[in-house]
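A.B. asks: how would this look folded up:
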Amino acid sequence: MASPMRSQKVKSENYDPTRMNSQQPVLDVAPLNCVPYIGPNNPDDMFSSPPKVKTEAVRTEAGQNIGPAMIFLPSHSTREELDNIMAGSKTGVALTGAATTGKGPAVGAVDIGELEDSYYFRVTLPGVSSDKRHYSCDIEPDGKVLIKGISTTGEKIVCRNFQIFHMLTQNLCPPGEFTVSFNLPGPVNHLDVTTHLADGILEAVVKKR
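C.D. replies: From the prediction side, this is the model:
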């Protein structure tokens with residue numbers, strides 16, 4: 001007589017989960033408890049329940065004022081990608097190049113003013129020569145402003161009055177090209193613009209359209 005343990009061992013060895021008995025009826029048994037899955041979706045799992053989205057809450061968050069924010073782009077990003085992001089911002093300012101290092105006085109701080117027939121803006125450009133060969137300010141009819149320039153501070157060696165100085169500290173904006181771009185509140189007459197750069201601040205007045 002075979003012991004119960006021996007009988008159970010034989011059954012375990014002969015059990016094959018891939019083998020099905022076609023004569024055996026399939027039972028439809030309701031689960032004792034069923035809780036919907038509400039975790040993050042697994043793209044490889046076709047049976048995961050989609051998370052419930054509170055439409056009203058999403059609408060509220062989308063229109064919520066979040067205050068100042070920063071967007072970081074990879075170093076290989078293109079000008080087109082930056083322009084697409086700026087196209088969705090009415091009051092944002094985008095910096096590139098030497099203006100993004102955060103060293104020294106801020107490059108690209110922007111103030112905007114308005115009259116009935118014109119806009120006024122000023123932009124901090126410390127370390128930029130007032131010579132127009134070293135900077136440009138382009139304004140498009142839709143109000144987009146693009147400032148390009150070259151910072152001349154932060155160098156390791158400075159030549160003044162036929163003397164050569166090796167800098168012991170370099171706390172100003174590093175030398176190099178940069179851009180500052182932002183949008184004015186509305187369309188403008190881009191041909192009617194007055195600009196002036198002095199003391200590290202670029203000021204401009206442009207007529208509305």
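A.B. asks: pLDDT wise, what is the closest residue to residue 202 other than its chain neighbours at?
C.D. replies: Excluding the flanking residues, the one nearest residue 202 by CB to CB, 6 or more residues apart in numbering is residue 123, at 4.7 Å. (Glycine included, C-beta is placed from N, CA and C.) We have a pLDDT of 94 for residue 123.
A.B. asks: wouldn't residue 123 be in contact with residue 201 here?
C.D. replies: Yes: using CB atoms under 8 Å as the test, residue 123 is close enough to residue 201 to be in contact (7.1 Å).
A.B. asks: which of the two has more neighbours?
C.D. replies: residue 123 (24 against 15; other CB atoms under 10 Å).
A.B. asks: Could you export the one helix or strand the more buried one maps to as CSV, CA atoms only?
C.D. replies: For residue 123, the element it lies in under DSSP states H and E is strand 118-124. The C-alpha trace of strand 118-124 is given here as CSV (Å, rounded to 0.1, in the frame of the first residue of the first chain):
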residue,chain,number,x,y,z
SER,A,118,4.0,101.9,-28.1
TYR,A,119,6.0,99.4,-25.9
TYR,A,120,9.1,100.1,-23.9
PHE,A,121,11.5,97.4,-22.7
ARG,A,122,15.0,97.3,-21.1
VAL,A,123,17.3,94.4,-20.9
THR,A,124,20.4,94.0,-18.7
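A.B. asks: who are the neighbours of it, in terms of helices and strands?
C.D. replies: Judged by 3 or more CB pairs under 8 Å, 6 or more residues apart in numbering; DSSP states H and E, strand 118-124 is in contact with strand 110-114, strand 201-208.
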